[in-house]
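Peer 1: Sharing a model that was predicted from the sequence below.
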Amino acid sequence: MIFSTQDVQRYSEIVGALSASNVPFQTESVSGGGGEGGGYGFATTYHILVRPEDIRLANELVHHRR
């Protein structure tokens, strides 16, 4: 996993950067809240995954670009 966020805008920025650089990725999403005893809010966490051979490039794109 290269990045995890609940911020949809940040998720979109990162996915856009990976796509623009032709880095293949997958997204896992985990939703929580709203169920019985789960409170009133809903939250989705997005986990962005890349292949092991793409970790270095993905890390540069995600964590070191501005």
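Peer 2: Looks like it came in fine. Nothing here was measured: the structure is a model prediction, and the numbers come from that model.
Peer 1: In contact with Leu18, which residues are there?
Peer 2: By CB atoms under 8 Å, 6 or more residues apart in numbering, the contact set of Leu18 is 25, 48, 50, 58, 61-62. For glycine as for every other residue, the C-beta is placed from the backbone atoms N, C-alpha and C.
Peer 1: 7 Å - rerun?
Peer 2: By CB atoms under 7 Å, 6 or more residues apart in numbering, the contact set of Leu18 is 25, 58, 61.
Peer 1: what distance separates the biggest helix by length in the chain from the centre of its chain?
Peer 2: For the chain, the longest helix by residue count, based on DSSP state H, is helix 8-20. Helix 8-20 has its C-alpha centroid displaced from the chain centroid by 8 Å (CA atoms, centre = their mean, to the nearest Å).
Peer 1: Please identify the buried residues of the next helix-or-strand element following that helix?
Peer 2: Using DSSP states H and E, the next helix or strand after helix 8-20 towards the C-terminus is strand 25-32. Buried positions in strand 25-32, judged by neighbour count with 16 or more other CB atoms under 10 Å: Phe25.
Peer 1: low pLDDT regions in this protein?
Peer 2: 33-41, 65-66 (pLDDT under 70).
Peer 1: For Leu49, list the residues it contacts.
Peer 2: Counting by CB under 7 Å, 6+ apart, Leu49 touches 1-2, 25-26, 28.
Peer 1: which of these lies closest to Val8?
Peer 2: Minimum distance to Val8 across the contacts of Leu49 is 15.0 Å, recorded for Glu28 (CB to CB).
Peer 1: Quickly list what the closest one is bridged to.
Peer 2: When assigned by DSSP bridges, Glu28 has beta-bridge partners His47.
Peer 1: okay, the angle between the longest helix of the chain and strand 25-32?
Peer 2: Inter-element angle recorded for helix 8-20 and strand 25-32: 160 degrees (by axes from the mean of the first three to the mean of the last three CA atoms, to 10 degrees).
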